[in-house]
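Peer 1: Sequence first, predicted coordinates after that:
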Amino acid sequence: MRAAVVSSIGGGFDVEELVIDVPRGREVLVDVRAVGLCHSDLSFAETDFGTPLPMVLGHEFAGVVAATGPEATGVVVGDHVVGSLVRACGACPECEGGAPYRCTRRSDLLRRPDEPPRLTRADGSPVTAALGTAAFAEQCLVHENQLVRVPRELPFPQAALLGCSTVTGVGAVLNTARAAAGESVAVVGLGGVGLNALSGARLAGAHPVVAVDIAPEKLDLAARFGATHTVDASSHDPVAAVREITGGSGVHHSFEVVGHETTTLQALRMTRTGGTTYLVGLHRPGAPVSLDLMAEVLAPQRSIVGVYMGSTVIGRDIPEYARLYLEGRLELDALVAQEIPLSQIEDGFAQMRSGRAARSVVTSWT
């Protein structure tokens, strides 16, 4: 099968022919019909997070079940499914306590070192199935706990986005922050996750909802996803602008969806006294953020919360978001900026770096 392989950090993606194993235990073989290009994939391809090389990335995907392992019971061949990198064992204290996104035994869903790899090159050398998904490929082999069945009428490109950008963005607002009607929200960074955070704020009934970015194309999209105000951070001080919009107080909830020190401090400083800043963007390992804790956290009694995958319970949230989309209440169509073949994956990531597009989605394997 064809797959996009990262052989060296910063070396980009090379399309190769790989061999995928048969499903074992509770694994499921999925024919990938669509996979989104997420900034997290780019971060893993360009920054050493310790994942063994070579590796196949890709985690925001939808497809059709092609085969199941002998112990899999959650899906059957022919089911339409959405995959997620939320790995939950289902048995640790966090999973049993209702927080599977905090699972402490995520490695239980991967193959053991004494088992054959899920992916190999033609010469038999192993290729890491990164994040337990490895969906930048014609097929992927995942544990059934990382899959959710979705309605057949859901288009595959839109369905794929439910697995990461939607659950992370919408979930950060609805699950983590639990934003209430009438509370104010600011979203800093309008990639796929940030736009979905705007959707979450609209679903929550938040007001005002302020979208902050430096790309005009993203700001033009913001209203479609629920923003009541936009701030071009390339020409305005975003902190001053958000405070002006909120009558000088700042917002109840700010969401940083970039993963950079500058935008993190901006998000914190536009948060009102007693409000909360949510860090959603993926920061580089070891990247520092310097702040005056007394002046910026303790005295104004602000909270800072790290968010992982929107505090998502995939079996509950993905079907709900699919329903909202099919009812016309959740915007997904405008997230799909373009559909591309796997051979153009580098071009898709180049467009992501430019900040011009919401989401590129691979839908063919030529």
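Peer 2: Great, that's in hand.

Peer 1: Near residue 252, how many other residues are there?
Peer 2: For residue 252, the count of nearby residues is 20 (other Cβ atoms under 10 Å). In this view, the C-beta of every residue, glycine as well, is placed from N, C-alpha and C.

Peer 1: Quick check: the gap between it and residue 282.
Peer 2: Going from residue 252 to residue 282 by Cβ to Cβ, to the nearest Å gives 24 Å.

Peer 1: go on, residue 330?
Peer 2: Taking Cβ to Cβ, one finds residue 330 at 23 Å from residue 282.

Peer 1: Please say which of these two ends up with more neighbours.
Peer 2: Shown here are residue 330 and residue 282; by other Cβ under 10 Å, residue 330 has more neighbours (22 against 18).

Peer 1: Low-confidence regions, the stretch 151-300 of the chain specifically.
Peer 2: The model of the stretch 151-300 of the chain has no residue with pLDDT under 70.

Peer 1: show me where it has helices.
Peer 2: 156-161, 167-171, 192-204, 216-225, 238-245, 261-269, 293 (DSSP state H, counting those that start in this stretch).

Peer 1: Adding distance to residue 37 and mean neighbour count, write the ones you listed out as CSV.
Peer 2: Converted to CSV, these look like this (distance: least, Cβ to Cβ, whole Å; neighbours: other Cβ atoms under 10 Å):
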stretch, distance to residue 37, mean neighbour count
helix 156-161, 10, 27
helix 167-171, 15, 29
helix 192-204, 9, 29
helix 216-225, 16, 18
helix 238-245, 26, 20
helix 261-269, 21, 21
helix 293, 37, 8
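
Peer 1: The closest residue to residue 272 other than its chain neighbours: what's it in contact with?
Peer 2: Using Cβ to Cβ, 6 or more residues apart in numbering and skipping the chain neighbours, the partner closest in space to residue 272 is residue 250 (3.6 Å). Contacts for residue 250 (Cβ atoms under 8 Å, 6 or more residues apart in numbering) come out as 184, 242-243, 269-273, 275.

Peer 1: ok, the residue sitting nearest the centre point of the chain to residue 306 distance?
Peer 2: By Cα atoms, centre = their mean, the mean C-alpha position of the chain lies nearest to residue 164, the distance being 3.2 Å. Distance from residue 164 to residue 306, counting by Cβ to Cβ: 17 Å.

Peer 1: Same question for residue 48.
Peer 2: 21 Å.

Peer 1: residues contacting residue 134?
Peer 2: For residue 134, counting by Cβ under 8 Å, 6+ apart, the contacting residues are 3, 55-58, 118-119, 128, 140-141.

Peer 1: Which one of these is nearest to residue 225?
Peer 2: residue 58 (24.3 Å; Cβ to Cβ).

Peer 1: hang on, that closest one packs against residue 4?
Peer 2: Yes. Residue 58 is within contact range of residue 4, at 7.3 Å (criterion: Cβ atoms under 8 Å).

Peer 1: Touching, residue 214 and residue 233? I think so.
Peer 2: Yes. Contact criterion Cβ under 8 Å: residue 214 and residue 233 qualify, at 5.0 Å.

Peer 1: got a list of what residue 355 touches?
Peer 2: Applying Cβ under 8 Å, 6+ apart, the residues near residue 355 are 213-215, 217-218.

Peer 1: at 7 Å instead, please
Peer 2: When contacts are counted by Cβ atoms under 7 Å, 6 or more residues apart in numbering, residue 355 touches 215, 218.

Peer 1: From residue 217, how far out is it?
Peer 2: 8 Å.

Peer 1: Same question for residue 36.
Peer 2: Counting by Cβ to Cβ - residue 36 and residue 217 are separated by 18 Å.

Peer 1: if we can go back for a sec, of the contacts of residue 250, just say which sits nearest to residue 286.
Peer 2: For these, the nearest to residue 286 is residue 269 (23.4 Å; Cβ to Cβ).

Peer 1: thinking the closest one is in contact with residue 239, fair?
Peer 2: Yes. Using Cβ atoms under 7 Å, residue 269 is in contact with residue 239, at 4.6 Å.
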